[in-house]
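*Asks:* quick one: sequence and predicted model below, then my questions.
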Amino acid sequence: MQLDFHYYATYCSAFLAGYSHKESMEICYSAQLVDCMSKTFLKKIKASPIAATTQLSLEMVDSNKDILELQNITRIWSSFHFLPYDLYANIKAPKPYRDKYRLICNTNSDLLVKTVNLAKKNATLQSTGIAMHVLADTWAHRYFAGVPSLVINNTNSYFYEVTYKDGQEQTRKIKFNNNPFKTDDIENAIYTKSMFQTSENAIMNLGHGRAGHLPDYSFMRYKYMPAWNKYEVIFKDNPSDYYHAFCQMTYALKFLHGDRTSFEKDTYEFDQLKKYENKIKEILEKRQLDSCNDWKAFGESLSGQTIEPFDLGKYEEEYVAATKQAKDDTFLGKFIEAAIAQKSMVTNEIADSKNFLAGRSIDRKKRRAKRLSKLLKKNKKQGVQ
Amino acid sequence: MTLFQKIKSCLAAALMMAIIFILLFLEINGPMVIMLILGISLLLSGLKDLIYFFAMARYMVDGRIILYKSILYLDLGAFTISMFDINPIYIMVYLLILCVFYGFLSIMRAREIKRLGSSTSWIFKLSEGIVYIVVAVLGLIFIRNQNVAIIIYCAALFFSAVNKIIVAFKPQPVFLTQ
């Protein structure tokens, strides 16, 4: 998903769930910040790089492709952009394949419930925004894994766009190029995707790179054959998936706002959003590469307030100027805490399933407490002697 | 290109330079050394791909391509090593055929890069392909004079090594999605 959904659509969803304009702005800002909080940005504001929620292209290209870096990549992309669906999927295959297969992202997973509950526990608008980013991406990125893998994320030449004319289904072949500087051509169905590389752990095989930006366009309906699905074709109906994402987001936000007692899987706010359904679907179905303007206009019509454009540097000064003790109370400080909590939770859930592709996360607070207790014991012993 | 790939590329270039040194300055049978190194590296690549196929790639769509690749490498590696003690002229013919093959591949790749219009790196590839083919032709002309043939072959290796170093340090655009 892109800025249009993570920022503007999340604003609309938060406002419809009962949050004020100001709160909705903070939630949608946090949701979009997940796509911007790179190691480079964290270094710039002198924050810990372990809070990174995304990686810039050049960061990945520059990184060493050793086991530790692969774990770092998996931690980031699985925790925030490709939340695994079934960490215990029963599949007859050797462990190296099984471990990667189990990281395939899909909607309504146990991890999603844990993500939303973690946001409830943290009770900050920043953690709410992060949870909404993760939730929305489970819809757009379903069937891809947040780990570099040829055997999971690769695609072949079978790619067809599906459109409907007078109720009749029409298909046309999608052509791809590998030129990163070319803009996707909707009219002629020419899109850009990452290059084919036979190396299992090549960065080109991360996420939906081999399907280009197709999962990120809300209007797109397409059929394709993923590497992992035993030659079976998958039909992705983005307008329907995005609508489900919006309705599930509103439901989750109502829970986080305190209007619902629990967050259940496969539950959506269809009834409340009935009166906006046509408008939302109209935006989602519109054939355009960027629907920011439409979502912005919809959001502003809902709240009557102006939605300012996303500005990455908005809270930077506040964080940099704060003293060490006060940093945790700043906007970015709270975001960093929430991001580390989310990353830690997902990483440890993956590790608990005996899958170490993401490594294991160490609870810093617990470790600090353990060290302190050891030190106290040691001092006590020395005192006795 | 990742740092690891850059290092790999530089190591390959260093290996090529070492082969040039062995061929030109040491009094051993140069072509045989080349065949041995080439054969072993092909065998290792084939073995690596075979393990990858049985552990993972056999479950993926079109995964057999990895199996075919590994068999091709293993076969080529075994064939290369089996030619260890034959007449050096045949070895030179074999190496020159490989030169034509790489030259042809480079030209095809240059055409593809140019068609995509992504960068000017197609010129590199095209020049690489032309040099390989010119070397093959010159090598065939001077095949009876083994010393000249080896010098020509070393020139091609040197060109390839320099190309690898240039590519390793050249900034490259990469497409990734978020």
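*Replies:* That came through, no problem.
*Asks:* next, count neighbours for residue A:262.
*Replies:* Residue A:262 sits with 10 neighbouring residues when counted by other Cβ atoms under 10 Å in any protein chain shown. Just so you know, the C-beta spots here come from the backbone N, C-alpha and C atoms, and that holds for glycine as well.
*Asks:* do a quick rundown of the helices in chain B.
*Replies:* B:3-25, B:30-55, B:64-82, B:88-116, B:121-141, B:146-169 (DSSP state H).
*Asks:* for residue A:48, give me phi and psi.
*Replies:* The phi and psi values for residue A:48, taken as degrees, to the nearest 10, are phi -70, psi 130.
*Asks:* quick check, pLDDT for whatever residue of the stretch 51-200 of chain A ends up closest to chain B.
*Replies:* Relative to chain B, the nearest point of the stretch 51-200 of chain A is residue A:180 (3.5 Å; Cβ to the nearest Cβ). Looking at residue A:180, its pLDDT stands at 76.
*Asks:* now do residue B:175
*Replies:* 40.
*Asks:* could you do residue A:359 as well?
*Replies:* Model confidence at residue A:359 (pLDDT) stands at 90.
*Asks:* picking that back up, quick one: neighbours of the residue of the stretch 51-200 of chain A closest to chain B, just the number.
*Replies:* 16.
*Asks:* got the confidence number for residue 3?
*Replies:* Since no chain was named, I'll use chain A. So residue A:3 comes in at 96 (pLDDT).
*Asks:* that's the other chain; I wanted chain B
*Replies:* pLDDT, residue B:3: 67.
*Asks:* before we move on, what about residue A:236?
*Replies:* 96.
*Asks:* partner strands of the helix or strand harbouring it, parallel or antiparallel?
*Replies:* Assigned by DSSP states H and E, residue A:236 falls within strand A:234-237. Paired strands of strand A:234-237, with direction, are strand A:221-226 (antiparallel) (DSSP bridges).
*Asks:* circling back to that earlier point, contact partners of the strand holding residue A:236?
*Replies:* Identification of contacts with strand A:234-237 by Cβ atoms under 8 Å, 6 or more residues apart in numbering or on different chains yields A:142, A:143, A:162, A:214, A:215, A:220, A:221, A:222, A:223, A:224, A:225, A:226.
*Asks:* about what we covered before: okay, the helices of chain B in JSON lines with mean neighbour count and distance to chain A next?
*Replies:* Shown next, in JSON lines, are those (neighbours: other Cβ atoms under 10 Å in any protein chain shown; distance: least, Cβ to the nearest Cβ, whole Å):
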{"stretch": "helix B:3-25", "mean neighbour count": "16", "distance to chain A": "5"}
{"stretch": "helix B:30-55", "mean neighbour count": "17", "distance to chain A": "5"}
{"stretch": "helix B:64-82", "mean neighbour count": "16", "distance to chain A": "7"}
{"stretch": "helix B:88-116", "mean neighbour count": "17", "distance to chain A": "5"}
{"stretch": "helix B:121-141", "mean neighbour count": "18", "distance to chain A": "12"}
{"stretch": "helix B:146-169", "mean neighbour count": "18", "distance to chain A": "12"}
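*Asks:* and those helices, which one's lowest on average pLDDT?
*Replies:* Looking at the helices of chain B, the bottom one is helix B:88-116 with a mean of 77.
*Asks:* the inter-axis angle of that one versus helix B:64-82?
*Replies:* Relative orientation of helix B:88-116 versus helix B:64-82 (axes from the mean of the first three to the mean of the last three Cα atoms, to 10 degrees): 150 degrees.
*Asks:* what's near enough to touch residue B:166?
*Replies:* residue B:124.
*Asks:* who's in contact with residue A:170?
*Replies:* Contacts of residue A:170 (Cβ under 8 Å, 6+ apart): A:162, A:163, A:164.
*Asks:* what sits closest to residue B:159 if chain neighbours are left out?
*Replies:* If the residues on either side of it in the chain are set aside, residue B:159 comes closest to residue B:131, at 5.2 Å by Cβ to Cβ, 6 or more residues apart in numbering or on different chains.
*Asks:* what about the one you found, distance to residue B:166?
*Replies:* 14 Å (Cβ to Cβ, to the nearest Å).
*Asks:* equivalent analysis for residue B:104, please.
*Replies:* 22 Å.
*Asks:* kindly reformat the contacts of strand A:234-237 as CSV containing distance to residue B:80, pLDDT and neighbour count.
*Replies:* Listed next are the contacts of strand A:234-237 as CSV, based on distance: Cβ to Cβ, whole Å; pLDDT from 0 to 100; neighbours: other Cβ atoms under 10 Å in any protein chain shown:
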residue, distance to residue B:80, pLDDT, neighbour count
A:142, 46, 96, 20
A:143, 42, 97, 20
A:162, 49, 95, 15
A:214, 43, 95, 23
A:215, 44, 96, 23
A:220, 48, 96, 22
A:221, 50, 96, 21
A:222, 45, 96, 22
A:223, 44, 96, 15
A:224, 40, 96, 20
A:225, 36, 95, 19
A:226, 37, 95, 25
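*Asks:* can I assume residue A:245 is in contact with residue A:132?
*Replies:* No: Residue A:245 is beyond contact range of residue A:132, at 9.5 Å (criterion: Cβ atoms under 8 Å).
*Asks:* more neighbours: these two, which one.
*Replies:* Of the pair residue A:245 and residue A:132, residue A:132 is the one with more neighbours under other Cβ under 10 Å, namely 32 against 27.
*Asks:* the more buried one and residue A:251 touch, don't they?
*Replies:* No: when contacts are counted by Cβ under 8 Å, residue A:132 is not listed as touching residue A:251 (11.3 Å).
*Asks:* returning to what we had before: enumerate every residue touching the residue nearest to residue B:159.
*Replies:* B:103, B:156, B:159.
*Asks:* what about residue A:201, how many neighbours?
*Replies:* Residue A:201 - counted by other Cβ under 10 Å - has 18 other residues nearby.
*Asks:* host element of it?
*Replies:* Going by DSSP H and E, residue A:201 is not part of any helix or strand.
*Asks:* how near is residue A:165 to residue A:159?
*Replies:* Residue A:165 is 20 Å from residue A:159, by Cβ to Cβ.
*Asks:* these two: who's more crowded?
*Replies:* residue A:159 (20 against 7).
*Asks:* and the residue nearest to that one when sequence neighbours are not counted, how far from residue A:160?
*Replies:* Nearest residue to residue A:159 in three dimensions, chain neighbours excluded: residue A:174, at 4.1 Å (Cβ to Cβ, 6+ apart). Counting by Cβ to Cβ, the separation of residue A:174 from residue A:160 is 6 Å.
*Asks:* swap in residue A:116?
*Replies:* From residue A:116 to residue A:160 the distance is 35 Å (Cβ to Cβ).
*Asks:* neighbour count for these two, which is higher?
*Replies:* residue A:116 (26 against 16).
*Asks:* picking that back up, and of the contacts of strand A:234-237, the nearest to chain B?
*Replies:* The closest of those, once distances to chain B are taken by Cβ to the nearest Cβ, is residue A:225, at 5.8 Å.
*Asks:* the closest one: what's it in contact with?
*Replies:* Contacts of residue A:225 (Cβ under 8 Å, 6+ apart): A:155, A:156, A:158, A:231, A:232, A:233, A:234, B:61.
*Asks:* swap the cut-off to 6 Å and go again
*Replies:* A:156, A:158, A:233, B:61 (Cβ atoms under 6 Å, 6 or more residues apart in numbering or on different chains).
*Asks:* what's the neighbour count on the first one?
*Replies:* This points to residue A:156. 15.
*Asks:* quick one: secondary structure of the residue of the stretch 51-200 of chain A closest to chain B?
*Replies:* Reduced to three states with DSSP: H, G, I helix; E, B strand; the rest coil, the structure at residue A:180 is coil.
*Asks:* right, and the helix or strand after the lengthiest strand in chain A?
*Replies:* Secondary structure of chain A per DSSP state E: the longest strand is strand A:155-165. Per DSSP H and E, the first helix or strand lying C-terminal to strand A:155-165 is strand A:168-173.
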